[in-house]
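**Student:** Sharing a model that was predicted from the sequence below.
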Amino acid sequence: MSHARADCPGILLVEDDLDLLNIERQLLADEGYPVKPAANGYEALAILRGPETEPLPCLILLDLMMPVMDGWQFRDEQVRDPRLASIPVVILTANGQALGKRDRLSVAAALTKPVALKQLLDIVESFCGAPPDSSV
């Protein structure tokens, strides 16, 4: 059951694998986090720079290996844009070597795919607040 969250304006999920995007999007939505999907870095920048993206998301979950504009290129563009630079980014990648380059990307965290559900939710909660109390 999805709940609107007043404390989290949303999460931008940037993932080119449609199956993974849908699974991660549904998982986060089920926890009460609003999610905007993007299939690549170019689409993510268009969303972030669009007039309908106010307020900005509280977190960006970013795949690194994507067509059109990969996560590295997206991150370069994001940090150059003063309006977008402060949004925390968590990279989600199947490329274990990319995790070693986390410092160059200046990201908040990095997770290796397949991502453990609890680990993903713990990181999202640390940036976006706790999900609604489902025990009520």
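**Tutor:** Cool, the structure landed. As the structure is a computational prediction, the values presented were derived from the model and not from experiment.

**Student:** Torsion angles phi and psi at the most centrally placed residue in the chain?
**Tutor:** Closest residue to the average C-alpha location of the chain: Leu61 at 1.7 Å, with CA atoms, centre = their mean. When read as degrees, to the nearest 10, the backbone of Leu61 gives phi -100, psi 120.

**Student:** now swap in Lys36 and tell me
**Tutor:** Torsion angles at Lys36 (phi, psi; degrees, to the nearest 10) stand at phi -110, psi 130.

**Student:** on that earlier part again, which residues pair with the residue nearest to the centre of the chain across the strands?
**Tutor:** Leu13, Val90 (DSSP bridges).

**Student:** in this protein, which spans are helices?
**Tutor:** In the chain, the helices defined using DSSP state H lie at 18-30, 41-49, 71-80, 96-99, 102-105, 117-128.

**Student:** circling back: which pLDDT value belongs to the residue nearest to the centre of the chain?
**Tutor:** Looking at Leu61, its pLDDT is 94.

**Student:** swap in Gly32?
**Tutor:** 88.

**Student:** How about Arg80?
**Tutor:** So, for Arg80, pLDDT stands at 93.

**Student:** Surely Cys128 is in contact with Val35?
**Tutor:** No. Using CB atoms under 8 Å, Cys128 is not in contact with Val35; the gap is 10.6 Å. No exception for glycine: its C-beta is placed from N, CA and C like everyone else's.

**Student:** Between the two, which is the more surrounded one?
**Tutor:** Cys128 (23 against 19; other CB atoms under 10 Å).

**Student:** And the more buried one, how far from Ser106?
**Tutor:** Distance of Cys128 to Ser106, given as CB to CB, to the nearest Å: 20 Å.
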